[in-house]
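Asker: dropping a prediction and its sequence here:
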Amino acid sequence: YIPAKQARRQFLFARGQGGLGYAVPGAIGAATVVAKGARVVTVAGDGAFSYTIGELATQAQYNQRIVNVVINNGKLGWIQLWQEIYFKNVQSAELETQSSVPGYAAAAQGLGLLGIYVDKPDEIGAALDRAFAHDGPSVVEVRIDDRATPIHSFKRRMREPEEKPRPRPGTVYKLRDWKVSPDL
């Protein structure tokens, strides 16, 4: 959904499986070194965003033109889906409870950024317009359904009724037995 209109690297992402918490400090680096003065946009889930939320203060300190979009479903969604699909037992995927609901837009305001909370899909356009018009860093917190996922195989598996857990990835095939070197 991101159009590439010019030939050059304009999209940064954390490679591998260590990407949680990359967006906020990655944007600071991009705004400082790579794209001075340009608008930088991040997109992160609420769990990943929580890892480095304190670095929003750095964005405010340097008045960087960064729009941080936080997709908030109140859960560690990827972990919840894996626990549900493969174990039929969700253990620890909640980021909020009845008595504790983290507010990422409110935290941003507390750290000196523009914070915007979006609760309905028809509010997203106006919220992004406001964030892009702001001459400094902002956080647009977008509340989504806690069952939403862009992963088609997860959607399909959640629709398929199955009483017992499915085989976990990596356990579907039998691995060869380990061999011990005779020299050990």
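Answerer: Received it, and whenever you're ready, just let me know what you need.
Asker: would you map the helices across the chain?
Answerer: Here the chain has its helices, by DSSP state H, at 23-29, 46-51, 56-61, 77-82, 104-110, 124-133, 152-159.
Asker: output the contacting helices and strands for the third one.
Answerer: Contact partners of helix 56-61 among helices and strands, from 3 or more Cβ pairs under 8 Å, 6 or more residues apart in numbering; DSSP states H and E: helix 23-29, strand 66-72. Where C-beta positions appear, they are placed from N, C-alpha and C, glycine not excepted.
Asker: alpha carbons of it, as CSV, please.
Answerer: Output of helix 56-61 as CSV, limited to C-alpha atoms (Å, rounded to 0.1, in the frame of the first residue of the first chain):
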residue,chain,number,x,y,z
LEU,A,56,9.4,9.8,22.1
ALA,A,57,11.0,12.4,24.4
THR,A,58,14.0,12.4,22.0
GLN,A,59,11.7,13.1,19.1
ALA,A,60,10.2,16.0,21.0
GLN,A,61,13.5,17.3,22.2
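Asker: which of the residues in that helix are buried?
Answerer: With burial defined by 16 or more other Cβ atoms under 10 Å, the residues of helix 56-61 counted as buried are Leu56, Thr58, Gln59, Ala60.
Asker: surely the third one and Ala30 touch.
Answerer: Yep, that's Gln59 we're talking about. No: counting by Cβ atoms under 8 Å, Gln59 does not reach Ala30; the two are 11.2 Å apart.
Asker: can I get the helix-or-strand element of the chain with minimal mean pLDDT in CSV? Just the C-alpha atoms.
Answerer: Ranking every helix and strand in the chain by mean pLDDT, DSSP states H and E puts helix 152-159 at the bottom, with a mean of 74. Output in CSV follows, covering the C-alpha atoms of helix 152-159 (Å, rounded to 0.1, in the frame of the first residue of the first chain):
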residue,chain,number,x,y,z
HIS,A,152,-4.5,-14.6,5.7
SER,A,153,-3.4,-18.0,7.1
PHE,A,154,-4.3,-16.9,10.6
LYS,A,155,-7.7,-15.7,9.5
ARG,A,156,-8.4,-19.0,7.8
ARG,A,157,-7.3,-21.1,10.8
MET,A,158,-9.4,-19.0,13.2
ARG,A,159,-12.5,-19.8,11.0
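Asker: contacting residues around that helix?
Answerer: Leu81, Glu84, Ile85, Arg147, Thr149, Arg166 (Cβ atoms under 8 Å, 6 or more residues apart in numbering).
Asker: Gln98: which of the residues you listed is nearest?
Answerer: Minimum distance to Gln98 across the contacts of helix 152-159 is 18.6 Å, recorded for Arg147 (Cβ to Cβ).
Asker: picking up where we left off before, Val67: which of the buried residues of helix 56-61 is nearest?
Answerer: For the buried residues of helix 56-61, the nearest to Val67 is Gln59 (10.3 Å; Cβ to Cβ).
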